[in-house]
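S.K.: For reference, the sequence and a predicted model appear below.
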Amino acid sequence: MNNNLRKKATGGMALMLVLMSLAGCGSGSKETTTQPTQETPTTKTETDQPKEETKDAPAAEPKVSGDFEIQYFVGGYGDAWWKEMLGEFQKKYPDVKIKESAGSQINEQMKPRWIQGNPPDLVYIDGAGSNETQMVKDDQLMDITDWVKQAKNVDGEALTDPLIAPPQDYGGKNYTIPLVFGSWGTFYDESLFKEKGWDVPKDWDSFLAVSDKIKAAGINPYIHTGKYPYYIVGGLLNSGFVSENGDNPQILKDQEANKEGSFKNDAVAKTLQKLVDMRDKGFFDNASFGITHTDSQMLFLQHKDAMIPNGLWLENEMKKDMPQGFKFGFIPSVMQNPGGKYIAIPYTSNIAIAKKAKNPEAAKAFVEFIFTKKAAVRWAELTGALMNVKADLESSGASDVVKTAMKYFNGSDTIVAPVFKLNADLEQAENDATIALLQKTITPEEWMDRMEKTAAKSR
């Protein structure tokens, strides 16, 4: 479920995105710790295959061998892409012995090893229990600032050249590279809206109007994931903060930096009041509290609820449960005032090398192996989402909903905010305060006070 993007100017990001076709990003599902998979389910080295001649390889190419462990979260994107990439990597480097530590609960399962200083070599930071900012703060990740500047992918391109979003800047240093690029937003069933004659909301007023009609039809207008409140924060609140801040996304970067007053101001107050208005009008499904993302998504697919905040991985994650005729629709934001622009809240899920990696050369080689246009196309085809590499996806298997999202991103009526990520304490405080507000146990003023106090402690 989740984690984390990097600095991108609003207009610059939109222009950059015009050059490519889009797809989306992911969250939790399966639970296992696996070993690599070609012919056997356990860790193996492809010693049965003859080694390729290296006479055409660059002379400076390092020999990659030894044990190599990778940790990756298995959620909405599944694990097919990882299996394929690791299989191809094994063929290129037959002397590497790969161990996969993967699953929907892998972040929690691996946490003791990170704390004990015995991490895997490479980690994909995504899903519940992961937080890139916290890992950087805890000095768990390798400083790759110098390496990433000179690294080249296996196609001979500079590693950073094809990236949509650059590595996140942490005080002038880089510790991660965005692997996945996506956006939060509100999803609905186009078929249901067409059948009922409901207008797709374009702003806050039209959102309230259609929600009244939906409620009158006996359907809950909106459901969220009470167990993981960051869905409603990412899919609803953050875009509201930007809209009420004069369409200026700097407010999100100020919150990321724990800047005083960034959680208590007119923009935040007005956004929280809109959330309270939704609550008091009875637009939220009361079943939201305490349920997981998949529970809320199933109720949405069953038309118990008309709209849901989520990320662009949603269609791929639920494709096996989609009813016949269901067609995902996507809106980047609904809290903008009439005449205001859509606000796209992007996210990345990043990959990093552990500071205490036992085989950093293999980890670097795998990073160079996967950041290619070919791998990006396969990611789109296998996940229905977008990898953080500029590639032509028109003829790929990227999902329709993601292509719809791309139209928003390329349009002049959409502002693409920079990627940002609160530290673990702030994120937890925001999650808790938002649920408390929805349950009427605190006021918007108390929400803001809670956040300001937590931010002060983090400075």
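M.R.: Alright, I've got the coordinates.
S.K.: Every contact and neighbour count from this point should use C-alpha atoms.
M.R.: Will do.
S.K.: so how far is stretch 223-237 off the chain centroid?
M.R.: Taking the mean of its C-alpha atoms, stretch 223-237 sits 13 Å from the chain's own mean (C-alpha atoms, centre = their mean, to the nearest Å).
S.K.: all numbers from here: first residue = 320
M.R.: New numbering, starting at 320: the last item is stretch 542-556.
S.K.: Pretty sure residue 737 sits against residue 667.
M.R.: No - judged on C-alpha atoms under 8 Å, residue 737 makes no contact with residue 667 at a distance of 10.5 Å.
S.K.: Could you check which of these two has the larger neighbour count?
M.R.: Set residue 737 next to residue 667 and count neighbours by other C-alpha atoms under 10 Å: residue 667 wins out with 30 against 23.
S.K.: The more buried one belongs to a strand?
M.R.: Yes - counting by DSSP: H, G, I helix; E, B strand; the rest coil, residue 667 is found in a strand.
S.K.: okay but it is in contact with residue 738, surely?
M.R.: Yes - Residue 667 lies in contact with residue 738 (C-alpha under 8 Å); the separation is 7.3 Å.
S.K.: Let's verify residue 505: helix, strand, or coil?
M.R.: Secondary structure assignment for residue 505 (three-state DSSP): strand.
S.K.: Help me confirm that residue 407 is found in a helix?
M.R.: Yes - assessed with three-state DSSP, residue 407 lies in a helix.
S.K.: Neighbours of it, how many?
M.R.: 15.
S.K.: pretty sure residue 519 contacts residue 512?
M.R.: Yes - using C-alpha under 8 Å, residue 519 makes contact with residue 512 at a distance of 7.4 Å.
S.K.: Run a quick neighbour tally on residue 523.
M.R.: Neighbour tally, residue 523, other C-alpha under 10 Å: 17.
S.K.: That should have said residue 540, apologies.
M.R.: Residue 540 has 28 nearby residues by other C-alpha under 10 Å.
S.K.: Any idea how far apart the tips of stretch 683-701 sit?
M.R.: 24 Å (C-alpha to C-alpha, to the nearest Å).
S.K.: I should have written stretch 452-470 there, sorry.
M.R.: In stretch 452-470, first residue to last residue: 23 Å (C-alpha to C-alpha).
S.K.: now stretch 390-409
M.R.: End-to-end span of stretch 390-409 (C-alpha to C-alpha): 16 Å.
S.K.: what about that stretch, average pLDDT?
M.R.: Averaging pLDDT along stretch 390-409 gives 96.
S.K.: Going by neighbour count, list what's buried in it.
M.R.: For stretch 390-409, burial by neighbour count (16 or more other C-alpha atoms under 10 Å) applies to 390-398, 400-401, 403-406, 408-409.
S.K.: Okay, and which of these map to strands?
M.R.: Assigned to strands by DSSP state E, the following of these qualify: 390, 391, 392.
S.K.: from the residues you listed, which is closest to residue 726?
M.R.: Nearest to residue 726 among those, counting by C-alpha to C-alpha, is residue 392 at 29.0 Å.
S.K.: Please name the residues that touch residue 505.
M.R.: By C-alpha atoms under 8 Å, 6 or more residues apart in numbering, the contact set of residue 505 is 554, 555, 626, 627, 628, 629, 649, 650, 651, 652, 653.
S.K.: just the helices in the stretch 420-569 of the chain please.
M.R.: With DSSP state H, counting those that start in this stretch as the definition, the stretch 420-569 of the chain shows helices at residue ranges 425-435, 451-456, 464-469, 509-515, 523-535, 549-551, 557-563, 569-575.
S.K.: out of those, nearest to residue 477?
M.R.: Closest of the helices of the stretch 420-569 of the chain to residue 477 is helix 464-469, at 6.9 Å (criterion: C-alpha to C-alpha).
S.K.: can you tell me the average pLDDT over that closest one?
M.R.: The pLDDT scores in helix 464-469 average 97.
S.K.: Kindly report the same for stretch 587-594.
M.R.: Averaged over stretch 587-594, pLDDT sits at 98.
S.K.: Hmm, residue 584 and residue 573 touching each other?
M.R.: No - if you go by C-alpha under 8 Å, residue 573 and residue 584 don't touch, sitting 12.0 Å apart.
S.K.: Walking through the stretch 320-469 of the chain, point out its strands one by one.
M.R.: 385-392, 415-422, 441-444 (DSSP state E, counting those that start in this stretch).
S.K.: which one of those is the most hemmed in?
M.R.: Stretch with highest mean neighbour count among the strands of the stretch 320-469 of the chain: strand 441-444 (a mean of 26; mean count of other C-alpha atoms under 10 Å).
S.K.: contact partners of that one?
M.R.: With contacts defined as C-alpha under 8 Å, 6+ apart, strand 441-444 is touched by 321-322, 388-392, 450-451, 668-673, 676, 682.
S.K.: Take the contacts of residue 505 and write them to JSON lines, including neighbour count, distance to residue 546 and pLDDT.
M.R.: Listed next are those as JSON lines, based on neighbours: other C-alpha atoms under 10 Å; distance: C-alpha to C-alpha, whole Å; pLDDT from 0 to 100:
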{"residue": "554", "neighbour count": "28", "distance to residue 546": "15", "pLDDT": "96"}
{"residue": "555", "neighbour count": "26", "distance to residue 546": "16", "pLDDT": "97"}
{"residue": "626", "neighbour count": "24", "distance to residue 546": "18", "pLDDT": "98"}
{"residue": "627", "neighbour count": "26", "distance to residue 546": "14", "pLDDT": "98"}
{"residue": "628", "neighbour count": "27", "distance to residue 546": "14", "pLDDT": "98"}
{"residue": "629", "neighbour count": "29", "distance to residue 546": "14", "pLDDT": "96"}
{"residue": "649", "neighbour count": "26", "distance to residue 546": "23", "pLDDT": "96"}
{"residue": "650", "neighbour count": "23", "distance to residue 546": "23", "pLDDT": "96"}
{"residue": "651", "neighbour count": "28", "distance to residue 546": "22", "pLDDT": "95"}
{"residue": "652", "neighbour count": "28", "distance to residue 546": "22", "pLDDT": "98"}
{"residue": "653", "neighbour count": "26", "distance to residue 546": "22", "pLDDT": "98"}
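S.K.: Between these, which sits nearest residue 541?
M.R.: Once C-alpha to C-alpha is applied, the member of those that ends up nearest residue 541 is residue 626, at 4.8 Å.
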